[in-house]
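K.L.:
Predicted model and sequence follow; I will ask about them next.
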Amino acid sequence: MHIPLDYETLRLIWWALLGVLLIGFALTDGYDLGVASLLPFVARDDEERRLTINTIAPHWEGHQVWLILGGGAIFAAWPFVYAVSFSGFYLAMFLVLASLILRPVAFKYRSKHSDPAWRARWDWALFVGGFVPALVFGVAVGNVLIGAPFSFDSDLRMTYEGSLLGLFTPFTLLTGLLSVTMLVTHGAGWLALKVEEGAVLRRARRIGSAAAIASVVLFALGGVMVAKAGMGMRLMGVVDASGPSNPLMSASAAASGAWLDNYAAHSWMVLAPALGLIGPMLALLGISTRRAWVQFAGSSLAILGTVATVGCSMFPFILPSSIDPKSSLTVWNASSSHLTLFIMLVVTIIFLPIVLAYTAWVMKVLSGRITLADVRTSPDFY
């Protein structure tokens, strides 16, 4: 079968597509997680909590598609990455999934009983389902930056030497908190678009302002820590971008503090961290001027810039090893076959626009603000 794109190009395309899927998940389900994390703090009574919950109730299920697509893309396009991350980070992923499972249960069950204590318990379950995944996803990104403790033997059998508690270090807790503040800012931006002027919106603006400022500080501090700690790896020797996907047959990697190298080699990449800093500032501007779309656009740019910063900093590494640098997984040594990547690309070209078009259509149909009067009178609201 003749494949019109060479192996190196397909690997680059799928590296970029992985970033697109992760950004898509963070942008869409991110405001669901942010609103859930805000729930106990912006809503004081049952009507206010119902108002807050129903801003995300019609959307959250559809947004899970991006999480599934991201996991599926890693499985199919980067099987070594899937094997290491889903095995090594198993307990952390179980914690995330257990938290995410609380969300649909809480949505469905809180309205089954009018008892305030009953509803309060499910509201806290919604909070856990928003806060814990936001924190753990950020911690996971921090661990990717510092490297995971895995290695391959001569038969490509993977050994992981870490533990759940070992994932939580000062740097990874910082990235976890950055993830939380970033998504809380995004959730506050979504509430600015969806709820009427009132107590809930005022509280969301106040918390969103604090979260946006914290995002700028934590993002800058994270960059300083990356530079001071000398995080990063470089590929040593000749790199065969079209070579076989085998970590043990590729150019070896050496720990050398190289996560800032790409910005000197490719100046356009500086746009990513610039957006990571400008985005929260734009969100603050939107809050101060009461322009909801500016606020939401700022929080969206912050997410795009932060995720892109990680990808641009690490390229061509996807998952470095902290204990055996030569086992590190890169764009060039961890992908599926040439044919597999091409077939998947064709499928993606067909179906990704459908997902995007459907998402845009749903957002248009469900646009508009929700009011307390809607909560009181609509039989379809939770």
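P.N.:
On my side now, so go ahead. Residues are numbered from 1 along each chain as shown.
K.L.:
would you list every one of the strands in the stretch 51-200 of the chain?
P.N.:
If you assign secondary structure with DSSP state E, counting those that start in this stretch, the strands in the stretch 51-200 of the chain sit at 150-152, 158-160.
K.L.:
How far away from the center of its chain is the first one?
P.N.:
Average the C-alpha atoms of strand 150-152, do the same for its chain, and the two points are 25 Å apart (C-alpha atoms, centre = their mean, to the nearest Å).
K.L.:
Residue 157 versus the closest residue to residue 258 other than its chain neighbours, what's the distance?
P.N.:
Distances taken as C-beta to C-beta, 6 or more residues apart in numbering place residue 232 nearest to residue 258, at 3.7 Å, with adjacent residues excluded. Just so you know, the C-beta spots here come from the backbone N, C-alpha and C atoms, and that holds for glycine as well. In this view, residue 232 and residue 157 are 27 Å apart by C-beta to C-beta, to the nearest Å.
K.L.:
Comparing these two, which shows the higher neighbour count?
P.N.:
Using other C-beta atoms under 10 Å as the criterion, residue 232 and residue 157 rank with residue 232 on top: 22 against 8.
K.L.:
on that earlier part again, and of the strands of the stretch 51-200 of the chain, who's closest to residue 40?
P.N.:
Comparison of the strands of the stretch 51-200 of the chain against residue 40 by C-beta to C-beta identifies strand 158-160 as nearest, at 35.8 Å.
K.L.:
Adjacent strands (with direction) for that closest one?
P.N.:
Strand partners for strand 158-160, identified by DSSP bridges, are recorded as strand 150-152 (antiparallel).
K.L.:
Show me what the strand it pairs with is in contact with.
P.N.:
Outside of strand 150-152, the residues that reach it under the criterion C-beta atoms under 8 Å, 6 or more residues apart in numbering are 84, 88, 158-162, 247-248, 321, 323-324, 327.
K.L.:
ok, the residue nearest to residue 258 touching residue 260?
P.N.:
Yes: taking contacts as C-beta atoms under 8 Å, residue 232 lies within contact range of residue 260: 7.1 Å.
K.L.:
re earlier: a markdown table for the strands of the stretch 51-200 of the chain, including mean neighbour count?
P.N.:
A markdown table is the format used below for those (neighbours: other C-beta atoms under 10 Å):
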| stretch | mean neighbour count |
| --- | --- |
| strand 150-152 | 22 |
| strand 158-160 | 16 |
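K.L.:
Output these in TSV; the columns should cover mean pLDDT.
P.N.:
Supplementary listing: those in TSV, determined by pLDDT from 0 to 100:
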stretch	mean pLDDT
strand 150-152	90
strand 158-160	88
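K.L.:
In a markdown table: these, plus distance to residue 377.
P.N.:
Supplementary listing: the strands of the stretch 51-200 of the chain in a markdown table, determined by distance: least, C-beta to C-beta, whole Å:
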| stretch | distance to residue 377 |
| --- | --- |
| strand 150-152 | 56 |
| strand 158-160 | 54 |
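K.L.:
so which of those comes closest to residue 130?
P.N.:
Distance to residue 130, taken as C-beta to C-beta, is lowest for strand 158-160 among the strands of the stretch 51-200 of the chain, at 28.5 Å.
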